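Participant: Kindly generate the corresponding structure for this input.
(2 chains)
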Protein chains: 2
Amino acid sequence: MDFLFLGNLFIFGQRREFTLMAVTNALIEQKIKSAEEVAALLPRNVTLGCSGFTPAGYPKLIPVAFAKRIEDEKKLGNEFSINLYAGASTGEELDGALAKTGALKLRIPYQSNSHLRNLINQGETDFIDMHLSHVVKYIEHGILPKIDAAIVEAIEVTVDGKIYLSTSSGMSATYIQNAESVYIELTDTHPLELKGYHDIYLPNHHEKGLPINILNPGDRIGLPYIQVSPDKIKGIVRSNKPDAATVFKTPDEDCQNIAAHVLSFIQHEIKKGRIPKEYLPYQNGVGNIANAVLASMAKDPNFHSIQMYTEVVQDSVFDLIDAGKLEIASTSALTFSEKGLKRFHENISEWKSKFVIRPQEISNHPEVIRRMGLIAMNTAIEVDIYGNVNSTHVMGTSMMNGIGGSGDFTRNSHLCIFMTPSLAKEGNISAVVPMVSHTDHNEHSTMIFVTEQGLADLRGCPPKKRAELIINNCAHPIYRDKLREYYENALRVSKGKHTPHDLEKALSWHVQFLKTGSMK
Amino acid sequence: MDFLFLGNLFIFGQRREFTLMAVTNALIEQKIKSAEEVAALLPRNVTLGCSGFTPAGYPKLIPVAFAKRIEDEKKLGNEFSINLYAGASTGEELDGALAKTGALKLRIPYQSNSHLRNLINQGETDFIDMHLSHVVKYIEHGILPKIDAAIVEAIEVTVDGKIYLSTSSGMSATYIQNAESVYIELTDTHPLELKGYHDIYLPNHHEKGLPINILNPGDRIGLPYIQVSPDKIKGIVRSNKPDAATVFKTPDEDCQNIAAHVLSFIQHEIKKGRIPKEYLPYQNGVGNIANAVLASMAKDPNFHSIQMYTEVVQDSVFDLIDAGKLEIASTSALTFSEKGLKRFHENISEWKSKFVIRPQEISNHPEVIRRMGLIAMNTAIEVDIYGNVNSTHVMGTSMMNGIGGSGDFTRNSHLCIFMTPSLAKEGNISAVVPMVSHTDHNEHSTMIFVTEQGLADLRGCPPKKRAELIINNCAHPIYRDKLREYYENALRVSKGKHTPHDLEKALSWHVQFLKTGSMK
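Facilitator: Next comes the predicted model:
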């Protein structure tokens, strides 16, 4: 077979493949350590600022080695206490490994790991559930405990301290700037052509604000790397561990029905002149429903030249690329399946114009979101008859994952759409309830609700009209009568008739579920 | 007495006084009508877009005449239906007069009139309680019923259709642009030197967004007038009715204690380097507490050169002016007492550099609020132990006034402070409750709580830590034990321990108040 060697790039006829060769230079050679050596350097009471955003680009070796050290030293009676900051959720090797040590005292600002979630809901680990666009300032202003060590996955570090991140940007730039020491997991799991995907820019939170000069999702205003003094880098660990691959389920019928309602509504809005035909930047949450929406857009001839200004890009973006419809995707992370990652690697040079990876302060920035007029599509745990949304708390008390970017996008977007199947737990939970057990997005900010049953456009509706629309269009038929009964009783007994409630029964559906296992 | 006549300005030695002379020109002469004549032109089913923002600059004669016509025609069996849009709240001659006709079907986006409030809470009038920064787009995009007539108070209309507004900007520009017909109440209650106070600028919601180029509270980016085709003006009514004068109570001890906590906290933040010394733009809600804060700043030598980027300026601004501390106040309305207005008129030329009056979309714009890093200070009806705030609904069902700008400012400010006395209704209501009966600002967005008892800084606190701080620092001593009892029981019985709640009792304080008249 004929091939031409070009750095780390092989060309086989028309098809490109990449060798994943480890970069090297004097700085790297000087700082190289094993994960165990780095783990041994970390203080017992430690605040870690890690890379990683919805498991992309998080460190995998040092946390596992640190967890091992904690287990070993526990036997000697040594106690550890860890505050863990990341961008958003991370993989098992970081959140899972550290959660299992029992030493995790605090986690910010978002998570989705089952071990960690259990600790949080048992009251063992504190969790601060933050708007992702708020985290940089909280760190810069010293609201939270100071960062001892930043641990960041990168694809290259230059001799003069330029750090090229891997598949996510998240909080890495801020954690590196604010940490006492910086440790790098230098991964060779991505081609070096990933350099140039990032656009690192952060406002100075100690000075007067200036406009964020992003007018289009693809605008670049920063640098492709994070600059740090090489002295601050205290260790570099070579890694060949890939990101935890996301597994995608084929969208079920409910997801497809939800997607169909969303697409038809967007077409309606274009016809009404509320969305210009040529300009549709989308924010799209994580998960099966979000993926079904993009997959449907890829197929639907009414949708063309899609722009995304979002926080996570998943495999569904390939459907848009295949359909020739992806204009640009701005994100804070690329979270692909194994197959998706392979495809991304094969096209990494050609697709550099299709993606921008930004710090989460910028991917989720209120100013940019409002200016671009985003269409924000996020998933709800439950909604109530007046349009309030619970995105975070199962039965009002247990944390699911966190608010993530949903507040950033909902509050400042042009159009915010909340999507959820109308039923959960084999029909024992109705996603539409009399009163949400926790409010993350309130009636003043929410606009559009979609379940597989239908869509409710609440814009310009007073509360009682909203109740009608949500019950009739979105609730599952098996719960509609019960919801109407609640609402009609509330209309009778409520002191105020603006937002009628029977406060004795407002949370009774949740109470019943906790007692009997069903809202029926 | 010697005096020099200069237009409508008299100079008596050092002191200036103004005659309030009616302007006149060919257009005005051609369009002049009585209020009754205009009222007779309005359709029976009508959507009105009126000027007015927290009763400043609202029309006073046409609405009263229209109310009179409705009463007269009712006797003939004619039915009326009115949708009333304004900037925010207005005075008795608009909200009160139309509410009393019984023909008011819909009101947006904020109100504070007692007759109207009763109708809303009896379920007679629909009210859409909106973020003030959302209203322009909803009108421009036709989400709400189309405006038949805009009725706007102005101080001058030129022959080529330049409308100079009076004491508020609010929604006037948008209502004028989108109305079928425009009617003007041409008031001579303000000197013509009010021209130039306004800065009318609105983003084009049908095109791609551009940055709002306001970097400092005083930056002007628009025009001092609204341009309209003179043909669209269907009537001009001369008015000499002043704005309903706001009455200010001397701040009581609670207000002064709250103000003292706020000021000391701001100094703490400056010391921590989280607020630069030279740069402190404030947003300050309406009412006695807000006024007490500004009055205290005026007296406190630690505060200097105050900038305000707010939606309403009240008499308390004079304290800052007298202390030589007011650098600039950007607002959507000037809402003064009778005495305050007189003082403003006497200094109207000199103070032109001190004030900018903006459309509410700009005074409350997320982009500008975030960029400037505002310190937002707003009043809460109730807060819960986890930091959720109710700003709108008494006992969860009755509308008080509306969310107004509190969501715009809270969600995007640098620092948001919620203030409330810890008790209401002679101690029968605790402002700190286990769970708020309606959520307008949630735990993810809120930061600082202040009552006369003390201050709780919730930034960087997980939910259980917040509960401790709020109960210990903010709740009134007579309710502290009962709150601790709720919290400790919740810790025991709650399924999830992240945000512990006993859902059977979470709203029981409200239920008890509704039954017995006391939360005790």
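
Participant: For chain B, give me its nearest residue in the stretch 101-250 of chain A.
Facilitator: A:G123 (3.1 Å; C-beta to the nearest C-beta). For glycine as for every other residue, the C-beta is placed from the backbone atoms N, C-alpha and C.

Participant: quick check, that residue in a helix?
Facilitator: No - going by DSSP: H, G, I helix; E, B strand; the rest coil, the assignment for A:G123 is coil, not a helix.

Participant: check contacts around the residue nearest to it when sequence neighbours are not counted.
Facilitator: In this structure, A:G123 finds its nearest non-sequential neighbour in B:K497, 3.1 Å apart by C-beta to C-beta, 6 or more residues apart in numbering or on different chains. By C-beta atoms under 8 Å, 6 or more residues apart in numbering or on different chains, the residues touching B:K497 are A:N121, A:Q122, A:G123, A:T397, B:L491.

Participant: so B:K497 is in which element?
Facilitator: Using DSSP states H and E, B:K497 sits within no helix or strand.

Participant: buried residues in stretch A:249-268?
Facilitator: Neighbour counts using 16 or more other C-beta atoms under 10 Å in any protein chain shown place A:251, A:254-263, A:265-266 of stretch A:249-268 among the buried residues.

Participant: farthest-separated two in those?
Facilitator: Spatial extent of those (C-beta to C-beta) is set by the pair A:D254 and A:I266 at 19.0 Å.

Participant: still on that earlier bit, state the distance from the residue nearest to A:G123 to A:G373.
Facilitator: As judged by C-beta to C-beta, to the nearest Å, B:K497 and A:G373 stand 41 Å apart.

Participant: Ok, A:E29 next?
Facilitator: 50 Å.

Participant: With A:Y486 instead?
Facilitator: According to C-beta to C-beta, A:Y486 stands 36 Å off from A:G373.

Participant: got a list of what whichever residue of the stretch 301-450 of chain A sits closest to chain B touches?
Facilitator: Proximity to chain B, evaluated over the stretch 301-450 of chain A using C-beta to the nearest C-beta, is greatest for A:S398 at 2.9 Å. By C-beta under 8 Å, 6+ apart, the residues touching A:S398 are A:N121, B:K495, B:G496, B:H498.

Participant: I'd say the last one and A:N121 touch.
Facilitator: If I follow you right, that is B:H498. Yes - here B:H498 reaches A:N121: they are 5.5 Å apart, a contact under C-beta atoms under 8 Å.

Participant: Neighbour count: these two, which is higher?
Facilitator: A count of neighbours by other C-beta atoms under 10 Å in any protein chain shown puts B:H498 above the other of B:H498 and A:N121, at 26 against 22.

Participant: and that one, what is it in contact with?
Facilitator: Applying C-beta under 8 Å, 6+ apart, we find B:H498 in contact with A:I120, A:N121, A:G123, A:F127, A:H393, A:T397, A:S398, A:M399, B:P462, B:P463.

Participant: From A:E269, how far off is the closest residue to it other than its chain neighbours?
Facilitator: Leaving aside its sequence neighbours, B:H498 sits nearest to A:M399 (C-beta to C-beta, 6+ apart; 4.3 Å). Remark: distance between A:M399 and A:E269 (C-beta to C-beta) = 34 Å.

Participant: between the two, which one's more packed in?
Facilitator: Counted by other C-beta under 10 Å, A:M399 and A:E269 do not tie: A:M399 has more neighbours, with 21 against 17.

Participant: Could you report the distance from the more buried one to A:P55?
Facilitator: 18 Å.

Participant: A:L374 now?
Facilitator: Separation of A:L374 from A:P55 (C-beta to C-beta): 24 Å.

Participant: Then A:E504?
Facilitator: According to C-beta to C-beta, A:E504 stands 43 Å off from A:P55.

Participant: the more surrounded of the two?
Facilitator: A count of neighbours by other C-beta under 10 Å puts A:P55 above the other of A:E504 and A:P55, at 26 against 15.

Participant: Contact partners for that one?
Facilitator: A:S89, A:T90, A:G91, A:D243, A:A244, A:T246, A:T335.

Participant: now it, nearest residue through space, not along the chain?
Facilitator: Spatial nearest neighbour of A:P55, chain neighbours left out: A:G91 (4.0 Å); criterion: C-beta to C-beta, 6+ apart.

Participant: same deal with A:H261?
Facilitator: Closest residue to A:H261 apart from its sequence neighbours, by C-beta to C-beta, 6+ apart: A:L455 at 4.4 Å.

Participant: Name the residues linked to that neighbour by a beta bridge.
Facilitator: Beta-bridge pairing of A:L455 under DSSP bridges involves A:V450.

Participant: tally of neighbours for it?
Facilitator: So A:L455, with other C-beta under 10 Å, has 20 neighbours.

Participant: That one contacts A:F265, correct?
Facilitator: Yes - under the criterion of C-beta under 8 Å, A:L455 makes contact with A:F265 at 5.5 Å.

Participant: Which neighbours do the two have in common?
Facilitator: Common neighbours of A:L455 and A:F265, using C-beta under 8 Å, 6+ apart, are A:I448.

Participant: quick revisit: ok, how many other residues are close to the residue of the stretch 101-250 of chain A closest to chain B?
Facilitator: As a burial measure, A:G123 scores 15 neighbours (other C-beta under 10 Å).

Participant: Might you report the residue contacts of it?
Facilitator: Applying C-beta under 8 Å, 6+ apart to A:G123 gives the contacts B:K464, B:L491, B:K497, B:H498, B:P500.

Participant: hmm, which two among these are most spread apart?
Facilitator: Farthest pair in those (C-beta to C-beta) is B:L491 and B:H498. Separation: 11.2 Å.

Participant: And for the nearest residue to A:E443 once chain neighbours are set aside, the neighbour number?
Facilitator: Leaving aside its sequence neighbours, A:E443 sits nearest to A:G387 (C-beta to C-beta, 6+ apart; 4.3 Å). By other C-beta under 10 Å, the residues close to A:G387 number 26.

Participant: Alongside chain B, which residues does the stretch 51-200 of chain A contribute?
Facilitator: Counting by C-beta under 8 Å from any C-beta of the partner chain, the stretch 51-200 of chain A comes close to chain B at A:106, A:120-123, A:126-131, A:137-138, A:141-144.

Participant: Mind checking which of those are in strands?
Facilitator: Counting by DSSP state E, those place A:L106, A:D126, A:F127 in strands.

Participant: quick one: which of these is most hemmed in?
Facilitator: Of all those, the highest neighbour tally under other C-beta under 10 Å goes to A:F127, namely 23 neighbours.

Participant: What does the pLDDT read for it?
Facilitator: On the pLDDT scale, A:F127 is placed at 98.

Participant: Over to A:R16?
Facilitator: pLDDT recorded at A:R16 is 51.

Participant: Show me where the stretch 1-150 of chain A dips below the pLDDT cut-off.
Facilitator: By pLDDT under 70, the weakly predicted segments of the stretch 1-150 of chain A are A:1-20.

Participant: Tell me where it has strands.
Facilitator: Applying DSSP state E, counting those that start in this stretch to the stretch 1-150 of chain A gives strands spanning A:4-6, A:9-12, A:15-18, A:45-50, A:81-85, A:104-108, A:126-127, A:149-157.

Participant: how big is the angle separating the last one from strand A:81-85?
Facilitator: So the one you mean is strand A:149-157. Between strand A:149-157 and strand A:81-85, the angle comes out at 50 degrees (axes from the mean of the first three to the mean of the last three C-alpha atoms, to 10 degrees).
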